[in-house]
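Colleague: Kindly return the folded structure for what I paste below:
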Amino acid sequence: MGTSGTRGKPALAILFADIHNYSRLMKKDEAQTLKRVDRAVRLIKSLARDYGGQIKNVAGDGVLALFQSAPQSVRFAVEMQREFRTDAVWNSEHDPIAFRIGINVGDVHDTETGIQGHSVNIAARLQALAPPGGICISDAVQQLARDIQGIELQSMGTPALKNIDEPIEVFGVTGGDDLHAVSHPAILVRETEEMIASESSIAVLPLDNLTGNPAISHICDGLTGDVIANLTRFRDMHVIAQRSSSAFRDHHTSPIQIAKMLGVRYLVDGGFQLALNKIRLQIRLMEARSERSLWSERFDGDLKDIFAFQDEVTAVIAARLSIEVGAAEQRKISILPTEVEAYGLILRGKEIYQRRSR
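Modeller: A predicted model of the protein is given here:
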């Protein structure tokens, strides 16, 4: 898809976004979902204006926006996703609202029934390829936006797109939770990778074998290793390798000393119990410096399903640890508004300040 429109006019960047699992959210709590979606749309409309975009259509769980600039559409998309990741942390009592975003460039036709065109259809198909909270862009957008600092564009090949005949190379936009830094370089970019690691670094200590049976130790080691492996999938987490944390098995060292020796801010410990065929896993997350417990939870299962228990529970634990560490880091910010719209206004104010300072 080219970057020039008809009659010499520049092609527009077309952004299509929809809410993942919208029907399930509506079925679970229709009133609350409608309220949250309305708030989300208002935030999207306000944010789009700051990036030169215009919301052209809102239909239930879908949003269609047009931008004069493809790079600005990508910057908007990553900022939008960051906003909703923040919202998911602050509203953890509800199922998160997660948008999938697709971006293409090309001609559009503004008709009585709405914005139409082949390029719009491609944007919708790209959106369907994106994971919840993710962004997919066409090769045409990639060529215009590849020089944006702070993001990575990973080729997904040329997947088949429904009712689209021509092959289109698709790129996923990645870069971690600091994607918003691309539009606020002087204010929000962290100065070094070491600083990032120190802020969200974590060590998972060997689980205590509380069964009294030494033969169970291998299960404890396997559970510990799986939690660590799942944590490493979160790009914003710096996770200490199991071989390093295992040095503190049956330790009598204080959490502060362990954290200092491993160079981490957060520690995870816990214990494994067995009674007849019932198993119990207790997990705790603490901030090492204060020795304050941030989160703890108990997981029960059946010994005969130990492998299924291990796979499911360790993935859940890792996800929850990532959320809790993220929430703890958010609390360290000097200004922490109680509403995501307020935080969005702060970020947009910083962006406007940056524009005036250039």
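Colleague: Low-confidence bits of the stretch 151-300 of the chain, can you list those?
Modeller: Along the stretch 151-300 of the chain, segments meeting pLDDT under 70 span 175-199, 251.
Colleague: all helices of it, in order?
Modeller: 185-188, 193-199, 217-231, 242-245, 255-262 (DSSP state H, counting those that start in this stretch).
Colleague: mind checking how far residue 101 is from residue 270?
Modeller: As judged by C-beta to C-beta, to the nearest Å, residue 101 and residue 270 stand 37 Å apart. Heads up, the C-betas are built off the backbone N, CA and C, glycines and all.
Colleague: Check residue 114 too.
Modeller: For residue 114, the distance to residue 270 - C-beta to C-beta - is 53 Å.
Colleague: who has more neighbours, these two?
Modeller: Between residue 114 and residue 270, residue 270 has the larger neighbour count (other C-beta atoms under 10 Å), namely 24 against 13.
Colleague: If we ignore the residues flanking it in sequence, what's nearest the more buried one?
Modeller: residue 283 (4.2 Å; C-beta to C-beta, 6 or more residues apart in numbering).
Colleague: In this structure residue 292 contacts residue 284, no?
Modeller: No - contact criterion C-beta atoms under 8 Å: residue 292 and residue 284 do not qualify, at 10.8 Å.
Colleague: neighbour count winner among those two?
Modeller: residue 284 (15 against 11).
Colleague: Can I get stretch 148-161 in PDB, CA atoms only?
Modeller: What follows is stretch 148-161 as a C-alpha-only set of coordinates in PDB (Å, rounded to 0.1, in the frame of the first residue of the first chain):
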ATOM      1  CA  ILE A 148      10.900   6.400  16.000                       C
ATOM      2  CA  GLN A 149      13.100   6.100  19.000                       C
ATOM      3  CA  GLY A 150      12.300   3.800  21.900                       C
ATOM      4  CA  ILE A 151      10.200   1.200  20.000                       C
ATOM      5  CA  GLU A 152      11.000  -2.000  18.100                       C
ATOM      6  CA  LEU A 153       9.300  -3.200  15.000                       C
ATOM      7  CA  GLN A 154       9.200  -7.000  14.600                       C
ATOM      8  CA  SER A 155       8.200  -8.600  11.300                       C
ATOM      9  CA  MET A 156       5.400 -11.100  11.500                       C
ATOM     10  CA  GLY A 157       5.800 -12.100   7.900                       C
ATOM     11  CA  THR A 158       2.900 -11.900   5.400                       C
ATOM     12  CA  PRO A 159       0.000 -13.700   7.200                       C
ATOM     13  CA  ALA A 160      -3.200 -14.300   5.300                       C
ATOM     14  CA  LEU A 161      -5.700 -11.400   5.800                       C
END
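Colleague: Now it: buried residues?
Modeller: 148, 150-151, 153, 161 (16 or more other C-beta atoms under 10 Å).
Colleague: Please tabulate these in a markdown table, including the columns distance to residue 36.
Modeller: Shown next, in a markdown table, are the buried residues of stretch 148-161 (distance: C-beta to C-beta, whole Å):
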| residue | distance to residue 36 |
| --- | --- |
| 148 | 30 |
| 150 | 29 |
| 151 | 27 |
| 153 | 30 |
| 161 | 30 |
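Colleague: which of those lies closest to residue 40?
Modeller: Set against residue 40, the nearest of the buried residues of stretch 148-161 by C-beta to C-beta is residue 151 (22.5 Å).
Colleague: Please report the distance of that closest one from residue 137.
Modeller: Residue 151 is 10 Å from residue 137, by C-beta to C-beta.
Colleague: cool, residue 148 as well?
Modeller: From residue 148 to residue 137 the distance is 11 Å (C-beta to C-beta).
Colleague: Overlap of the contact sets of those two?
Modeller: residue 74 (C-beta atoms under 8 Å, 6 or more residues apart in numbering).
Colleague: next one: stretch 305-312 to chain centre, how far?
Modeller: 25 Å (C-alpha atoms, centre = their mean, to the nearest Å).
Colleague: Could you do stretch 233-240 as well?
Modeller: Using C-alpha atoms, centre = their mean, the offset of stretch 233-240 from its chain centre is 13 Å.
Colleague: Tell me which residues of it come out buried.
Modeller: Quick answer for stretch 233-240 (16+ other C-beta under 10 Å): 234, 236-240.
Colleague: same thing with stretch 104-112?
Modeller: 104-108.
Colleague: Can you tell me which of these end up in strands?
Modeller: When DSSP state E is applied, these are split such that 104-106 fall in strands.
Colleague: low-scoring stretches of the stretch 1-150 of the chain, by residue?
Modeller: Scanning the stretch 1-150 of the chain for pLDDT under 70 picks out 1-10, 87-94.
Colleague: on that earlier part again, for the buried residues of stretch 148-161, which one is nearest residue 278?
Modeller: Nearest member of those to residue 278, counting by C-beta to C-beta, is residue 151, at 47.2 Å.
Colleague: what about the closest one, distance to residue 122?
Modeller: Residue 151 sits 21 Å away from residue 122, taking C-beta to C-beta as the criterion.
Colleague: Residue 306 in helix, strand or coil?
Modeller: What DSSP: H, G, I helix; E, B strand; the rest coil gives for residue 306 is helix.
Colleague: That one: neighbouring residues, count only.
Modeller: Neighbour number of residue 306 under other C-beta under 10 Å is 15.
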